[in-house]
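> the following comprises the amino acid sequence and a computationally predicted model.
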Amino acid sequence: MTQIVSLFQAAIVFGTVILFGAIGEILAEKAGNLNLGVPGIMYLGGIAGLIGVFYYEMNAAQPSPVLCLIIALVCSVAAAMLGGLIFSFLTISLRANQNVTGLALTIFAGGFANFFGGSLNKLAGGVGQISVAITSAAFRSDIQFTNSWGYIDDLFFDYGFLVYVAILMAILLNWFLNRTSIGLNLRAVGENPATADAAGINVTKYQYLATCLGAGISGLGGLYYVMDYMKGTWDSAGAIEGLGWLAVALVIFASWKPIRAIWGAYLFGLLSWAYFYIPGLTRSSQEIFKMLPYVVTIMVLLVVSFRRSRDNQPPAHLGLPYFREDR
């Protein structure tokens with residue numbers, strides 16, 4: 001039973017990283033912007049939050065946990081939104097190809113983050129020596145109300161607050177897109193920007209806001225990985241990038257529905273860690289099991305393509321530039 005609980009805890013931690021990335025990308029794609037720079041934006045969110053609290057904890061005599069949380073969150077969201085703003089300017093204002101721009105953003109941000117992550121490691125005295133213990137402890141502090149429920153406590157309440165923030169964001173985004181006039185306008189922009197423009201909706205404003213806010217949400221995934229899973233240090237092995245691509249895959253798996261992304265994220269987290277709990281696997285067999293989230297996504301794509309249900313299709317204008325002159 002202990003191993004099962006441990007597997008589900010690992011799945012929820014990894015699933016939360018993926019969920020933040022997917023929620024942000026769903027918001028951007030609903031406005032018609034295909035941002036393949038999600039892994040890079042998660043890199044920016046992780047390294048910016050780490051840099052901010054590293055210098056604060058290093059220079060403050062008695063760092064405040066609350067201030068540590070605020071600094072990390074503000075730095076992370078600001079850097080991620082800056083990445084979203086760069087992507088928006090290139091693809092919306094300059095009409096650059098969205099696929100190429102997103103991939104370029106991922107490559108650039110990955111190099112940027114690993115360069116500064118390596119620099120922080122040197123300042124701290126070596127790899128794994130970065131000390132933001134107060135901030136990491138604040139992010140990992142669980143919300144257990146009681147310790148008398150045993151495994152139930154471990155399964156549902158033994159996590160930092162960002163786990164519950166991610167779930168709440170997905171629920172709120174679902175409500176926003178389906179129950180508010182602004183959310184419906186946003187969906188109209190992604191489906192047919194020319195018609196939305198003719199109806200008086202400012203297409204450029206909606207696309208900029210959706211992409212930048214979505215990037216800010218995705219950046220929280222990188223911050224959660226650094227502060228919770230890595231316990232406040234930097235990992236240059238590229239795990240954030242892998243989880244970022246899983247977030248992009250989850251958007252397709254969830255059919256652009258935030259509620260479906262919740263359980264999909266934890267399923268992806270479970271599949272990502274399942275190999276570790278299967279006895280007798282060789283290293284090559286483990287690599288095969290690591291492919292499971294992507295295999296499941298491909299299977300879902302096949303099912304959706306055969307069913308051809310309109311509810312499970314991407315926004316009609318996804319990835320296409322909008323030229324008002326052609327309206």
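Right, received. Where do you want to start? Residues are numbered from 1 along each chain as shown.
> what residues of the helix or strand hosting residue 11 count as buried?
Assigning secondary structure by DSSP states H and E places residue 11 in helix 2-30. By neighbour count on 16 or more other C-beta atoms under 10 Å, the buried set for helix 2-30 is 5, 7-30. For every residue, glycine as well, the C-beta is placed using N, CA and C.
> just how off-centre is that helix within its chain?
The chain centre lies 8 Å from the centre of helix 2-30; the measure is C-alpha atoms, centre = their mean, to the nearest Å.
> that one packs against which elements?
Packing partners of helix 2-30 (3 or more C-beta pairs under 8 Å, 6 or more residues apart in numbering; DSSP states H and E): helix 38-59, helix 151-156, helix 161-179, helix 181-191, helix 203-224, helix 239-253, helix 258-273.
> would CSV of those with mean neighbour count and mean pLDDT be doable?
Compiled in CSV, those are given as follows (neighbours: other C-beta atoms under 10 Å; pLDDT from 0 to 100):
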stretch, mean neighbour count, mean pLDDT
helix 38-59, 27, 94
helix 151-156, 15, 68
helix 161-179, 17, 96
helix 181-191, 18, 95
helix 203-224, 25, 96
helix 239-253, 23, 90
helix 258-273, 22, 90
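> which one of the ones you listed lies closest to residue 68?
Evaluated with C-beta to C-beta, those place helix 38-59 nearest to residue 68, the distance being 5.2 Å.
> okay, the angle between the closest one and helix 239-253?
With axes from the mean of the first three to the mean of the last three C-alpha atoms, to 10 degrees as the basis, helix 38-59 and helix 239-253 are set at 140 degrees to each other.
> so which elements touch helix 38-59?
Using 3+ C-beta pairs under 8 Å, 6+ apart, the elements in contact with helix 38-59 are helix 2-30, helix 65-88, helix 98-124, helix 133-140, helix 203-224, helix 239-253.
> just checking, what packs against the third one?
In this structure, helix 98-124 packs against helix 38-59, helix 65-88, helix 239-253, with contacts taken as 3+ C-beta pairs under 8 Å, 6+ apart.
> the first one: how far from the chain's middle?
It refers to helix 38-59. Here the centre of helix 38-59 is set off from its chain's centre by 15 Å, with C-alpha atoms, centre = their mean.
> for the longest one, same thing?
Here helix 65-88 is found 13 Å from its chain centre; the criterion is C-alpha atoms, centre = their mean.
> for that helix, which helices and strands make contact with it?
Using 3+ C-beta pairs under 8 Å, 6+ apart, helix 65-88 is in contact with helix 38-59, helix 98-124, helix 133-140, helix 203-224.
> over to the last one?
Taking 3+ C-beta pairs under 8 Å, 6+ apart as contact, the helices and strands that helix 239-253 lies on are helix 2-30, helix 38-59, helix 98-124, helix 203-224, helix 258-273, helix 292-307.
> quick one: mean pLDDT over the last one.
For helix 292-307, the mean pLDDT works out to 76.
> residue contacts, residue 289?
Applying C-beta atoms under 8 Å, 6 or more residues apart in numbering to residue 289 gives the contacts 271, 274, 275, 278, 281.
> which of the residues you listed has the most neighbours?
Comparing the contacts of residue 289 by number of neighbours (other C-beta atoms under 10 Å), residue 271 comes first, having 21 neighbours.
> and residue 220, how close does it get to residue 45?
Per C-beta to C-beta, to the nearest Å, residue 220 is found 6 Å from residue 45.
> now for the helices and strands packed on helix 98-124, which one comes closest to residue 137?
Closest approach to residue 137 among these is made by helix 65-88 (7.3 Å; C-beta to C-beta).
> quick check: mean pLDDT of that closest one?
96.
> so can I have a markdown table of the helices and strands packed on helix 239-253 showing distance to residue 68?
Formatted as a markdown table, the helices and strands packed on helix 239-253 follow (distance: least, C-beta to C-beta, whole Å):
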| stretch | distance to residue 68 |
| --- | --- |
| helix 2-30 | 19 |
| helix 38-59 | 5 |
| helix 98-124 | 16 |
| helix 203-224 | 12 |
| helix 258-273 | 26 |
| helix 292-307 | 33 |
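> for residue 160, find the nearest of these.
helix 203-224 (7.6 Å).
> output the closest one as CSV, nothing but the C-alphas.
Below are the C-alpha coordinates for helix 203-224, written out as CSV (Å, rounded to 0.1, in the frame of the first residue of the first chain):
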residue,chain,number,x,y,z
VAL,A,203,-9.0,40.6,-31.9
THR,A,204,-5.5,41.8,-31.3
LYS,A,205,-6.2,42.7,-27.7
TYR,A,206,-7.8,39.4,-26.9
GLN,A,207,-5.0,37.4,-28.5
TYR,A,208,-2.3,39.4,-26.7
LEU,A,209,-4.1,39.1,-23.3
ALA,A,210,-4.9,35.4,-23.7
THR,A,211,-1.3,34.5,-24.7
CYS,A,212,0.4,36.6,-22.1
LEU,A,213,-1.9,35.4,-19.2
GLY,A,214,-1.7,31.9,-20.4
ALA,A,215,2.1,32.1,-20.4
GLY,A,216,2.0,33.4,-16.8
ILE,A,217,0.0,30.4,-15.7
SER,A,218,2.3,28.0,-17.6
GLY,A,219,5.3,29.6,-15.8
LEU,A,220,3.9,28.5,-12.5
GLY,A,221,4.4,24.9,-13.6
GLY,A,222,8.2,25.6,-13.9
LEU,A,223,8.2,27.3,-10.5
TYR,A,224,6.3,24.4,-8.8
